[in-house]
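Participant: A predicted structure for the sequence below; I have some questions about it.
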Amino acid sequence: MTLIENTQVITVDAERRELSHASVVIDGTRIVSVGDTPDRLPDDTLRADGTGCVLTPGLINTHHHLYQWITRGLAADHTLFQWLTTLYPIWAGIDEDAVRTAALGGLTQLALSGCTTTTDHHYVFPPRGGDLLGAEIDAAATVGLRFHPTRGSMDLSEKDGGLPPDSVVQTLDEILAASSNAVARWHDPSAESMLRIALAPCSPFSVTTDLLRESALLARELGVRMHTHLAESLDENTYCDEHFGCTPLQYMESVGWVGDDVWFAHGIEFDDAEIGRLAATATGVAHCPTSNARLGNRICRTRDLVDAGVPVGLGVDGAASSESCRLLEEAHQAVLMARAKDGPTALTTRTAMELATIGGARVLGRHHDTGSIEVGKLADLVLWDLSTVAHSGIDDPVAALVLGAIPPIAGTWVNGRRIVADGTMLTVDAERVAADVAHEHRRLLAKAG
Ligand code: ZN
């Protein structure tokens, strides 16, 4: 057992309880007590003193591209389409070592910024790249995060009017076979699952209509979720209007892509009617405010999505979004962007915290298992140290987390296992990971010439 004691607890439970001088007890993978410290605990109980700290549910990241961790800082001032066309030829050289190392870097950064569950959208599979999904799954197991990787795909290359070069796309049959194989090999539907697969064609402008339709049929046959980028930019609206005569969401709905098993990254350019459809179908949105701002896209209608009842989580996105990719920053940015767009009451700090936790859990279909601190839920927890000069004296712990600097992490537990203690990774050597990331970055650029 583990006892986390003498701390403030932001539960994000149904009553949104916030407790002072409280404790949380973990037994195995689950939370067994929240509130007062139980009278009797076994002698060998591990203890973590939360004095000066606040305990929250582990943060949940609903959109990322981990392989991009080794291609940060390139084309940093370009638009999305320019950035993609610059990077695709470099990404064509990725292999298992590159992806494993990139994932170790990105996952370590997430763990050190309070994330306990993350998804990943991997959609670049060069012909001689090897087992790339396996490489990142291996990395997630090493770091110890709960992982929802998606088997991404692209089958519409330059010669067919798409954006990516021919060297990084696959055929429909190759993609469907690899997707089935990934689910059979790795997907664990159990309540305590540390690994669930989803299917994720890349975007309307890099995949065929057939791939979208067939991926939806396959995902539902296999009982896994579906993910893609959607309504990210006005360029994409123009593309869908010219090619399909409709909006991005109308196009996706025509091929089976709405429902409570679907979530879209970004979702900026939805109109009122589309927000209504998302809500009515419980289709989720991964809000990635830093990415949207960095690429000069418009600001997501977060307030309207939340008010309509659309499941909304937060995502760091890949290196297009920032060289940072720390999830708590996205809660901060979500508040700033929403208020810059819609005024001072557009998004509260507590709503931002909900998006980062239970909101993300709902987007990934894990809200019965994780996303809040409640007896019976999985022990995915973060103990933030608010005692340093950056935070001491901030009256409200949620304001300290969402509006303040990212605090040092006193402890992170995933599935009951402690993976961070006093700001240090317990599962990997972070300095070694940093050196390996630099090496793989240089190797990949050298390959691209
Ligand atoms: Zn993305």
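Facilitator: Happy to help now that I have it.

Participant: where does the prediction get shaky in the protein?
Facilitator: Counting by pLDDT under 70, the chain shows low-confidence ranges at 320.

Participant: would you map out the domains in it?
Facilitator: According to automatic domain parsing, the chain is divided into the following domains: 2-57+372-425, 59-363.

Participant: now the shortest one, how far from the chain's geometric center?
Facilitator: In this case it means domain 2-57+372-425. With CA atoms, centre = their mean, to the nearest Å as the basis, domain 2-57+372-425 stands 21 Å off its chain's centre.

Participant: and what of the last one?
Facilitator: For domain 59-363, the distance from its own C-alpha centre to the chain's C-alpha centre is 8 Å (CA atoms, centre = their mean).

Participant: coming back round to it: and Arg442, which of the domains of the chain is closest to it?
Facilitator: When the domains of the chain are compared by CB to CB, domain 59-363 sits nearest Arg442, at 9.1 Å. Where you see a C-beta, it was placed from the backbone N, CA and C, and this is true even at glycine.

Participant: and the end-to-end length of the closest one?
Facilitator: End-to-end distance for domain 59-363, by CA to CA, to the nearest Å: 13 Å.

Participant: quick one: contacts for Ile373?
Facilitator: For Ile373, the contacting residues are Val9, Ile10, Thr11, Val12, Asp13, Val24, Ile31, Val34, Leu55, Thr56, Pro57, Leu381, by CB atoms under 8 Å, 6 or more residues apart in numbering.

Participant: beta partners of the first one?
Facilitator: Val9 forms beta bridges with Leu19, Leu55, as assigned by DSSP bridges.

Participant: ok, now how distant is it from Ala421?
Facilitator: Applying CB to CB, to the nearest Å, the value for Val9 to Ala421 is 19 Å.

Participant: tell me where the stretch 101-250 of the chain has strands.
Facilitator: Using DSSP state E, counting those that start in this stretch, the strands of the stretch 101-250 of the chain run over 115-122, 146-153, 198-201, 225-230.

Participant: quick one: closest of those strands to His391.
Facilitator: Comparison of the strands of the stretch 101-250 of the chain against His391 by CB to CB identifies strand 115-122 as nearest, at 19.2 Å.

Participant: partners of the closest one, with directions?
Facilitator: For strand 115-122, sheet partners with direction are given as strand 59-61 (parallel), strand 146-153 (parallel), following DSSP bridges.

Participant: going C-terminal from the first one, what's the next secondary structure element?
Facilitator: On the C-terminal side of strand 59-61, the nearest following helix or strand under DSSP states H and E is helix 80-91.

Participant: what angle do that following helix and strand 225-230 make?
Facilitator: Going by axes from the mean of the first three to the mean of the last three CA atoms, to 10 degrees, helix 80-91 is angled at 120 degrees with respect to strand 225-230.

Participant: show me what counts as buried in helix 80-91.
Facilitator: For helix 80-91, the neighbour count (16 or more other CB atoms under 10 Å) marks Leu80, Trp83, Leu84, Thr85, Leu87, Tyr88, Ile90, Trp91 as buried.

Participant: what's next to it, contact-wise?
Facilitator: In this structure, residues lying in contact with helix 80-91 by CB under 8 Å, 6+ apart are 67-68, 71, 74-75, 78, 124, 126, 163-165, 167-168, 232-233, 235, 295, 297, 320, 444-445, 448.

Participant: restricted to buried residues, select those residues in ChimeraX.
Facilitator: The ChimeraX command for the buried members of those (criterion: 16+ other CB under 10 Å) is given here:
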select :67,68,71,75,78,124,126,163,164,168,232,233,295,297,320,444
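
Participant: take the contacts of helix 80-91 and keep only those in helices.
Facilitator: Counted as lying in helices by DSSP state H, out of the contacts of helix 80-91, are Asp235, Leu444, Leu445, Ala448.

Participant: closest to Pro189 among those?
Facilitator: Taking CB to CB as the measure, Leu444 is the one of those closest to Pro189, at 34.9 Å.

Participant: contacting residues around the closest residue to Leu426 other than its chain neighbours?
Facilitator: In space, Leu426 comes closest to Ile419 once its chain neighbours are excluded; the distance is 5.5 Å by CB to CB, 6 or more residues apart in numbering. Going by CB under 8 Å, 6+ apart, Ile419 touches Ala111, Val143, Gly144, Leu145, Thr412, Trp413, Met425, Leu426, Thr427.
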